[in-house]
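A.B. asks: just a sequence and a predicted model for now, questions to come.
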Amino acid sequence: MEILRYTFMQYALMNGILIGILCPLIGVFLVLKNLSLIADGVAHFSFGGIALGIILGISPNITILVFSILGGLLVNYIIRRSKLYGDTAIAILLSTGLALGITIISIAKGTNFNINSYLFGSLLAIDKSELVFSLFFGIPVIILTLIFYRPLLYITFDEDSAKASGLPVEVLDTFLVLISAITVAITIRIAGILLASALIVIPVATGMQISKSFKGTLLSSVSIGVISVILGLFLSYYMNIAPGGTIVLVSILIFLTSLSRFFH
Amino acid sequence: MSDKIIEIKGLYFKYKDEFVLEDISFSLDREEFFGIIGPNGSGKSTLLKLIAGILRPTKGEVKVYTDRISYIPQKVTSLYHLFPATVEEIVALGRLSDGIVKRFSRRDKELIDQALELVGLGEFKDRKLSELSGGQQQRVHIARAIVSSPELLILDEPTTGIDVVNQAKFYELLARLNRDMHITIIIVSHDISGIASEVSMMAYLDKKLHFIGKPRDFFRKIFWPVEIENLLRS
């Protein structure tokens, strides 16, 4: 295939498939815990990190990761300890990151900062070091999630029962926040801040329409994630349109199809 | 080893600024079938969560002499109408009390099948949880508890929203677990007559513990005098 002769396409495809697997895998737990928006909040929060990284001369890859983890832990803490609903906590976090980012960028007007690539992603601009970065963090997250999928399912299904049975609920909960934050950080490079949560939520919403078991939902969500990425990437190449947007639109199209009577 | 399974001394608990439990002290022997009744907001669910280790006391102590505890929260059924999991997958969660990263062996699968047979849901194991009726879902949670071979089973208003015939069957099932599998059971209920005929010990809770003892003494000392007083008043 002609498209695969280009190195940038090979990197894009490999990185895309990684997040196609990773996002729905973590997304299943977030969606079922009613925390779909946490990924969105964390992604927006890390916008502050990107801006800070740029003016301090630190690689945005690192500041995105640090801010994502910080944001995730903060939301988790607020939800557990404060008198706020989860979505209020997420809204505050989201605004904080955006406000911080916009203000910092306005201070650093002179720097050569391509804001678009962070807002909308730049899958085709992935170089080897970024691919290595994604794989280095992404593959352990996939393996750990598969190892701990049953206890994660238990705390997702019923936290109190899990706690009474002696499961380390707080540790598992923090673990889920950490792997979600890492997933968001990897995904931002590719889908952008605005669309990072799409791949975490939409394939899972589709998987829930067509499966009746948890395993089935997990497998179908991941399959849909990977198919969306591959199909979206090819379409965007041949039609010369934005890959991030195309991938998300493909996943939405699959979701709409799953709602049709054909599957029920 | 003591034959006590629970000892509670001078227990207080408050949410924010208001005490919901005050000066609770009692102990419970192993293999009792213990029913707790009381009005709404009387602290029944809180007491169960303190015993299950989900909450920590504000003051006083709760000692539970087993770590094999299974807890079935209130109204589990209505929460999961969208949850994509089969009956078998939910029951399997009970096996995690033996270790959270174990691989499931043939023995685990046998235990899951046996538990489902025991609660009469053998043929439902591949069904989606949300497709089952309220009473059947409640039995799924019992099966999840059984596979963890608990010594203490704690249930919070398990028969809410279940019709009378199925309530009676449910109490029968609990009585069997108590008698045949020697599981200590603590159950919170609104339904005085339903649990009074099954339980071996009973408590009336309204912030404080107003009564604890045999069901017949409860009726003689608390229930009938109040009922008669109400009758005379009307």
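C.D. replies: Cool, the structure landed.

A.B. asks: okay, now the unreliable bits of the chain?
C.D. replies: If you meant another chain, say so; for now it's chain A. A:110-113, A:261-264 (pLDDT under 70).

A.B. asks: was after chain B, sorry
C.D. replies: When residues are selected by pLDDT under 70, those of chain B lie in B:1-2, B:75-80.

A.B. asks: for it, what lies in contact range of chain A?
C.D. replies: B:49, B:52-54, B:67, B:69-73, B:76, B:80, B:82-86, B:89-90, B:92-94, B:96-97, B:100-101, B:126-128, B:131, B:144, B:148, B:154 (Cβ under 8 Å from any Cβ of the partner chain). Every C-beta, even on glycine, is put in place using the N, C-alpha and C of the backbone.

A.B. asks: now do 6 Å
C.D. replies: By Cβ under 6 Å from any Cβ of the partner chain, the residues of chain B that approach chain A are B:52, B:54, B:67, B:69, B:71, B:73, B:84-86, B:89, B:93, B:96-97, B:100-101, B:128.

A.B. asks: out of those residues, which is nearest to residue A:254?
C.D. replies: Of all the residues of chain B next to chain A, residue A:254 sits closest to residue B:84, with 16.9 Å by Cβ to Cβ.

A.B. asks: next one: that closest one relative to residue A:162, how far apart?
C.D. replies: 18 Å (Cβ to Cβ, to the nearest Å).

A.B. asks: cool, and residue A:184?
C.D. replies: Taken as Cβ to Cβ, the span from residue A:184 to residue A:162 is 25 Å.

A.B. asks: higher neighbour count, these two?
C.D. replies: Comparing residue A:184 with residue A:162 by neighbour count (other Cβ atoms under 10 Å in any protein chain shown), the higher total belongs to residue A:184, at 33 against 26.

A.B. asks: might one say that the more buried one is in contact with residue A:43?
C.D. replies: Yes - the criterion here is Cβ atoms under 6 Å, and residue A:184 meets it with residue A:43 at 5.1 Å.

A.B. asks: got any residues that touch both of the two?
C.D. replies: Common contact partners of residue A:184 and residue A:43 (Cβ atoms under 6 Å, 6 or more residues apart in numbering or on different chains): residue A:196.

A.B. asks: alpha carbons only: can I get stretch A:25-32 in CSV?
C.D. replies: C-alpha atoms of stretch A:25-32 as CSV (Å, rounded to 0.1, in the frame of the first residue of the first chain):
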residue,chain,number,x,y,z
LEU,A,25,-9.7,0.0,27.7
ILE,A,26,-9.5,2.7,30.4
GLY,A,27,-12.7,4.3,29.1
VAL,A,28,-14.9,1.3,30.0
PHE,A,29,-14.2,1.9,33.7
LEU,A,30,-14.6,5.7,33.6
VAL,A,31,-17.8,5.5,31.7
LEU,A,32,-19.3,2.9,34.0
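
A.B. asks: what residues does that stretch touch?
C.D. replies: A:38, A:145, A:152, A:156, A:176, A:179-180, A:183, A:200-201, A:204, A:218, A:221-222.
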